[in-house]
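In: Just a sequence and a predicted model for now, questions to come.
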Amino acid sequence: MNRAKERGVALILTLILLLVLSVMAVSLMFLSQTETWSSMNYRLMSQARYGAEAGLNKAANFLLNSYTPPGGAGDPLSNYTMTASPVTYSGNPVVLSANSGVPSNYPVSSVQSSFSTAGQGSLQAGNTTVNYAAYATTLSMEQVSVYGSTTPATIQTWLITSDGSISGLRNAQVEVSAIMERQATPVFNYVAFATSGGCSALTFGGGGITDSYDSSTVVNGTVKTQPSDGNVGTNGNLSTTGNPTTINGSLSTPRTGVGTCKKSNVTAWTDNQGTVTGGLVELPQPINYPPPDVPNPPPPTSNVILNNGNCSGVSGCTGNAGVYTFAPGSYGNVSLNGGAILHLVAGTYNINSLIESGQGTLVIDSGPVTLNIAGNNIGSGTAVVDLTGGGVTNASLIPMNFQILYAGSNTIKLKGGAQASGLLYAPNASFSFSGGGNWYGAAIGQVLTDLGGVAVHYDRRLQSQGFTIGNYFLSSFTWKKY
């Protein structure tokens with residue numbers, strides 16, 4: 001075989017292989033470098049995003065804790081056009097800015113200056129410095145009446161936007177935004193709510209039940225109840241005892257589990273033959289009910305004893321022989337003795353304390369009647385309201401027609417009856433139901449005890465009557481990179 005013509009083939013093949021290997025090596029090096037840059041880009045983008053989130057949270061923290069919404073003398077609502085969204089001032093959206101690229105448009109310079117300081121800064125991530133700057137735009141604003149207070153509150157919805165940036169050999173910039181809002185919510189969402197976070201914050205026994213009705217359908221004292229919507233809530237534990245004690249609704253609490261409640265292990269529900277038909281609803285956080293306004297000026301602390309005589313010496317009181325009427329006004333320590341009957345007409349009553357004994361009875365002639373209880377110079381643990389004599393008669397069975405507001409921590413005692421109807425708002429006080437029968441309305445206190453078998457009926461109309469301000473929350477979280 002003639003191999004002369006094949007001389008040099010090995011060299012050519014070697015060169016080709018070297019070329020292929022060189023191309024592969026260069027490709028691998030390029031791929032490795034690409035992966036390195038890709039990892040670096042991802043790291044820088046993540047760091048920039050975390051910086052932007054830090055700016056968003058700094059801005060939210062300022063609005064939550066250091067910012068006073070408009071409505072005061074130095075920042076009247078007349079400055080703003082609240083029918084537009086975003087809300088405008090002098091024709092432009094209302095903006096608080098710590099971002100040099102976004103101009104501020106807020107009428108109070110001190111607020112803008114404080115936000116500018118709080119809404120920008122930097123973070124160290126290894127050898128990298130992440131800068132952030134936020135701005136907040138007012139999307140909506142309204143003033144609402146807060147239950148238990150004569151001072152209206154302004155609630156707002158903010159769009160918070162924050163930039164996180166890294167400058168250097170390779171740059172990164174990320175924008176994060178979220179909506180922070182606060183809403184007005186019905187204060188009486190539950191037939192009973194206990195603000196205590198401990199065991200037996202709510203106690204139902206003796207055959208007591210909850211359910212609901214609609215006060216607009218009451219005709220001649222005839223009530224149609226339904227076995228639902230009798231929801232209860234607490235920041236602590238519900239204890240139910242005895243059969244047929246039944247919560248015809250749900251239990252809402254930030255606690256979890258069913259079982260024995262201990263100080264070190266507060267369960268949601270301690271069940272001893274009771275029933276919660278609607279199950280457990282876990283609250284994301286405890287519910288805070290602000291105390292109502294304290295009567296100002298405070299009522300007197302003198303004794304007003306209504307028995308069988310006349311009340312000519314008491315300003316605002318008329319009647320005798322055991323039947324009396326108060327005009328709206330200010331009264332001291334009122335006692336109903338020996339079967340005395342006290343009539344109240346629509347208006348506001350600032351009363352230091354109100355105690356029934358014997359068959360003393362409170363009658364609501366027209367409403368709304370608001371009792372602002374002061375409880376001054378009343379011994380610790382002593383009742384400031386005790387309606388367990390003859391109870392209360394509110395023939396309309398409209399709870400809003402009889403309201404008891406109390407900011408202190410003494411006890412309140414209520415009694416069920418055929419026409420017992422009203423609202424109790426005393427978030428720092430312990431209260432109890434007794435006497436069997438019915439109570440039409442709702443109650444908020446620190447600790448509730450119903451061991452007297454009282455049936456508590458929730459008026460579903462309360463979902464649209466009497467409001468409080470809920471907690472701020474963030475929603476609609478989005479981000480994008482540049």
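Out: All right, it came through fine. If you're wondering where the values come from, they're calculated on a predicted model, not measured in any experiment. Numbers count the residues shown, from 1 in each chain.
In: what bridges to the residue lying closest to Pro152 once chain neighbours are set aside?
Out: Distances taken as C-beta to C-beta, 6 or more residues apart in numbering place Gln143 nearest to Pro152, at 4.9 Å, with adjacent residues excluded. C-betas here are computed from N, CA, C, even on glycine. Under DSSP bridges, the beta-bridge partners of Gln143 are Thr154.
In: how near is Gln143 to Tyr324?
Out: 39 Å (C-beta to C-beta, to the nearest Å).
In: Now for Ile160, how many residues are close by?
Out: Look at Ile160: counted by other C-beta atoms under 10 Å, it has 24 neighbours.
In: so what are the domain limits for this protein?
Out: By the assignment in automatic domain parsing, the chain contains the domains 52-186+470-481, 192-465.
In: Quote the end-to-end distance of the shortest one.
Out: Right, the one you point to is domain 52-186+470-481. Length of domain 52-186+470-481, first residue to last, C-alpha to C-alpha, to the nearest Å: 11 Å.
In: And the average pLDDT for it is what?
Out: If you average the pLDDT over domain 52-186+470-481, you get 91.
In: what does the longest one give?
Out: Looking at domain 192-465 alone, the average pLDDT works out to 93.
In: And for the residue nearest to Pro152, the neighbour number?
Out: Using other C-beta under 10 Å: Gln143 sits among 13 other residues.
In: one step back: so for Ile16, which of the domains of the chain sits nearest?
Out: domain 52-186+470-481 (38.5 Å; C-beta to C-beta).
In: Which elements pack onto the strand or helix carrying Ala136?
Out: Using DSSP states H and E, Ala136 maps to strand 128-144. Using 3 or more C-beta pairs under 8 Å, 6 or more residues apart in numbering; DSSP states H and E, the elements in contact with strand 128-144 are helix 9-65, strand 95-97, strand 120-125, strand 153-166.
In: Just send the ones you listed back as TSV, with distance to Asn372 too.
Out: Listed next are the helices and strands packed on strand 128-144 as TSV, based on distance: least, C-beta to C-beta, whole Å:
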stretch	distance to Asn372
helix 9-65	30
strand 95-97	37
strand 120-125	46
strand 153-166	19
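In: of these, which approaches Tyr80 most closely?
Out: strand 153-166 (9.8 Å).
In: could I have the closest one exported to PDB, CA atoms only?
Out: Output of strand 153-166 as PDB, limited to C-alpha atoms (Å, rounded to 0.1, in the frame of the first residue of the first chain):
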ATOM      1  CA  ALA A 153     -60.800  60.800  62.900                       C
ATOM      2  CA  THR A 154     -59.200  61.100  59.400                       C
ATOM      3  CA  ILE A 155     -58.400  57.800  57.600                       C
ATOM      4  CA  GLN A 156     -56.200  57.700  54.600                       C
ATOM      5  CA  THR A 157     -55.000  55.300  51.900                       C
ATOM      6  CA  TRP A 158     -51.400  55.700  50.800                       C
ATOM      7  CA  LEU A 159     -49.400  54.300  47.800                       C
ATOM      8  CA  ILE A 160     -45.900  54.000  49.100                       C
ATOM      9  CA  THR A 161     -43.100  53.600  46.500                       C
ATOM     10  CA  SER A 162     -39.500  53.000  47.300                       C
ATOM     11  CA  ASP A 163     -36.300  52.800  45.100                       C
ATOM     12  CA  GLY A 164     -33.400  50.700  46.100                       C
ATOM     13  CA  SER A 165     -30.200  51.300  44.200                       C
ATOM     14  CA  ILE A 166     -26.500  50.200  44.000                       C
END
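In: after it, next one along is what?
Out: Immediately after strand 153-166, counting by DSSP H and E, sits strand 172-181.
In: For the helix or strand following that following strand, enumerate the helices and strands it packs against.
Out: Downstream of strand 172-181, the first helix or strand assigned by DSSP H and E is strand 184-186. Contact partners of strand 184-186 among helices and strands, from 3+ C-beta pairs under 8 Å, 6+ apart: strand 467-469.
In: now the next helix or strand after the strand it packs on and strand 153-166, what's the angle there?
Out: Where DSSP H and E defines the elements, the next helix or strand beyond strand 467-469 is strand 473-481. Strand 473-481 runs at 30 degrees relative to strand 153-166, counting by axes from the mean of the first three to the mean of the last three C-alpha atoms, to 10 degrees.
In: Strand 473-481: which residues count as buried?
Out: Trp479 (16 or more other C-beta atoms under 10 Å).
In: Quick one: residues contacting Gly119.
Out: Neighbour list for Gly119: 55, 58-59, 62, 96-99, 133-136, 162 [criterion: C-beta atoms under 8 Å, 6 or more residues apart in numbering].
In: so which of those comes closest to Tyr349?
Out: Phe62 (41.4 Å).
In: and the nearest residue to that closest one once chain neighbours are set aside, how far is that from Gly236?
Out: For Phe62, ignoring the flanking residues on the chain, the nearest one in space by C-beta to C-beta, 6+ apart is Ala118 at 4.2 Å. The spacing between Ala118 and Gly236, counted by C-beta to C-beta, is 35 Å.
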